[in-house]
Structures are given as structure tokens and as C-alpha cells.
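Chemist: My questions are about this predicted structure, shown below with the sequence.
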Amino acid sequence: MVIKLLAKGAEADLILDDDWNGRKVLIKRRGVKNYRHQDIDRELRKLRTFHEASILHRAKEAGVPTPLIYMVDPVNTEIVMEFVDGVKVRDLVSQISGEENRSLFKLIGRMAGNLHSAGIIHGDLTTSNMIKSHDRVVFIDFGLGEVSSESEKRGVDLNLMRRMLNSTHYEERELLQSAFDEGYRDTMGLEAEGVFQRVEEIKRRGRYIDKES
């Protein structure tokens, strides 16, 4: 049996266990925050653990692949979930052809649209939180996710994706963004244009704040 710390985040640790009841799993554990009152900290971690598990379930119901949840442990504030074996989309973009990237990002755009149509905001919509596993793209890390149909929050989701494409995948960004937008329109229909307009407003506000500062 191998138990290995994969990542230590501000909110939670990610732990790999290759033999949890005969399965290879990822354990997301929210650790104690000593700067908070003990009782408040315990309740916050418990609520956030249940909330993330609920968002993962809702996303799956919306047709977006997410890791299977095997157990939610409110005492240890842990989610035990499927370990998704594959390649992060962030690392895959440079390894495949332009046409493959177009198909991939059109699919990703459709799934982002599925989330938003179901009233789900991912909260950290980047290629680091998508894993290509065989014939599916699995969305991961809904720790900042929430339930909302506000165009502002949808716009923030898409603005983050566009900023990430510009910084991480600059050479391919026009192709990737065009394909993503096409897929998003496929599932969001006429609502997509309103979200795209909100993205432009968010970008303008960001430029204004940068100039002021």
C-alpha cells in the first residue's frame, strides 16, 4: 500500500492511496486552520466538504464527467474519490495537432456550457483542472464551485479560462478560444452571447483597475 501526498494547497491536501478498499483513490483533506476559532473552523471545513461533494454530484448529473465519489467523511473533512488516470489538458495541448485541439476545446466548451446551464459555476475553470482520460475529459477541483445562474459569475468563469489561454497557451489561444466558444454556444444557445458580453465588461473593468493602481 502506498499513501503519498500529491499536493499541499491553501485549503486542502491531495493524497494518493493506491489501495483504499482495493481501489486507487484520491483523498482531498481539508486541514485545521489554527487562525480560526476551533468550533468555527470545524464547521466551515465540514460545510465546504459537503458543498464540494454536492457540486461534483450536480456536475455529473449535468453530463459533465467528474471523479466518482466513494466516501464523504465529515469528521476528518475528507472526500475519497476516484483517482483519474490521464493527462492534464494543460500538458496535452502542445502534444497534439491543431485539429485535435479544436475538437478537444469544442468538447470542453460544451461541458462548460452544460455546467452553466445547470446553474453550476466551476470557480477555477482552467486546463489544469481538466484531465483527458481515454475518451473523456474529466473536470476536477470544484473547491471554489457554487450554484448560481448569474451572468456575472458565468462571465468570471469564462474570463478566467480566456486569461489562462492567453498566458499558458498563447501560441494556440485563438484556435482554442474559438473552439471553446463554439462548443459553449452549442449548449448555451442564445444565452451564450450575453455571457460573452459580460466577459468583455469584466475584461474592461480589469484594465481600468490596472490603470488606476
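Modeler: Cool, the structure landed.
Chemist: so after the helix or strand encompassing Asn114, what's the next helix or strand?
Modeler: Assigned by DSSP states H and E, Asn114 belongs to helix 98-117. Next in sequence after helix 98-117, counting helices and strands by DSSP H and E, comes strand 120-121.
Chemist: For the next helix or strand after that following strand, list every residue counted as buried.
Modeler: Counting by DSSP H and E, the next helix or strand C-terminal to strand 120-121 is strand 130-133. Residues of strand 130-133 classed as buried under the neighbour-count rule (16 or more other Cβ atoms under 10 Å) are 130-132. C-beta coordinates here come from the backbone N, C-alpha and C atoms, glycine included.
Chemist: Mind listing the strands the one helix or strand Asp17 maps to pairs with, and their directions?
Modeler: Under the criterion of DSSP H and E, Asp17 resides in strand 12-20. Applying DSSP bridges, strand 12-20 is found paired with strand 3-8 (antiparallel), strand 23-30 (antiparallel).
Chemist: pLDDT (mean, whole number) over the shortest one?
Modeler: Spelled out, it's strand 3-8. Strand 3-8 comes out with an average pLDDT of 90.
Chemist: got it, and stretch 112-127?
Modeler: Mean predicted confidence for stretch 112-127 is 97.
Chemist: Please identify the buried residues of that stretch?
Modeler: Buried-residue list, stretch 112-127, by 16+ other Cβ under 10 Å: 112-118, 120-127.
Chemist: Stretch 42-53 too?
Modeler: 42, 45-46, 48-49, 52-53.
Chemist: for the protein, which helix is longest?
Modeler: helix 38-61 (DSSP state H).
Chemist: Now flag whichever of the buried residues of stretch 112-127 is closest to Phe105.
Modeler: Thr127 (9.1 Å; Cβ to Cβ).
Chemist: Does that closest one touch Arg90 like I think?
Modeler: Yes - using Cβ atoms under 8 Å, Thr127 is in contact with Arg90, at 4.0 Å.
Chemist: any shared contact partners between those two?
Modeler: Common neighbours of Thr127 and Arg90, using Cβ atoms under 8 Å, 6 or more residues apart in numbering, are Thr168.
Chemist: any idea which of the strands paired with strand 12-20 is most buried?
Modeler: Most buried of the strands paired with strand 12-20, by mean neighbour count (mean count of other Cβ atoms under 10 Å): strand 23-30, with a mean of 19.
Chemist: how about the strands paired with strand 12-20, which one is nearest Met164?
Modeler: Per Cβ to Cβ, nearest to Met164 of these: strand 3-8, 18.2 Å.
Chemist: Now tell me what touches the closest one from outside.
Modeler: 13-18, 26.
Chemist: before we move on, what about stretch 190-200?
Modeler: In contact with stretch 190-200 (Cβ under 8 Å, 6+ apart) are residues 113, 116-117, 151-152, 154-155, 158-159, 162, 181, 184-185, 188.
Chemist: tell me which residues of that stretch are tucked away?
Modeler: 191-192, 195-196, 198-199.
Chemist: cool, and stretch 153-169?
Modeler: So for stretch 153-169, counting by 16+ other Cβ under 10 Å, buried means 153-162, 164-165, 169.
Chemist: repeat for stretch 96-111
Modeler: For stretch 96-111, by 16+ other Cβ under 10 Å, it's 101-102, 104-111.
Chemist: Neighbours of the nearest residue to Lys60 once chain neighbours are set aside, how many?
Modeler: In space, and not counting its chain neighbours, Lys60 is closest to Thr66: 5.1 Å by Cβ to Cβ, 6 or more residues apart in numbering. Thr66: 21 surrounding residues under other Cβ atoms under 10 Å.
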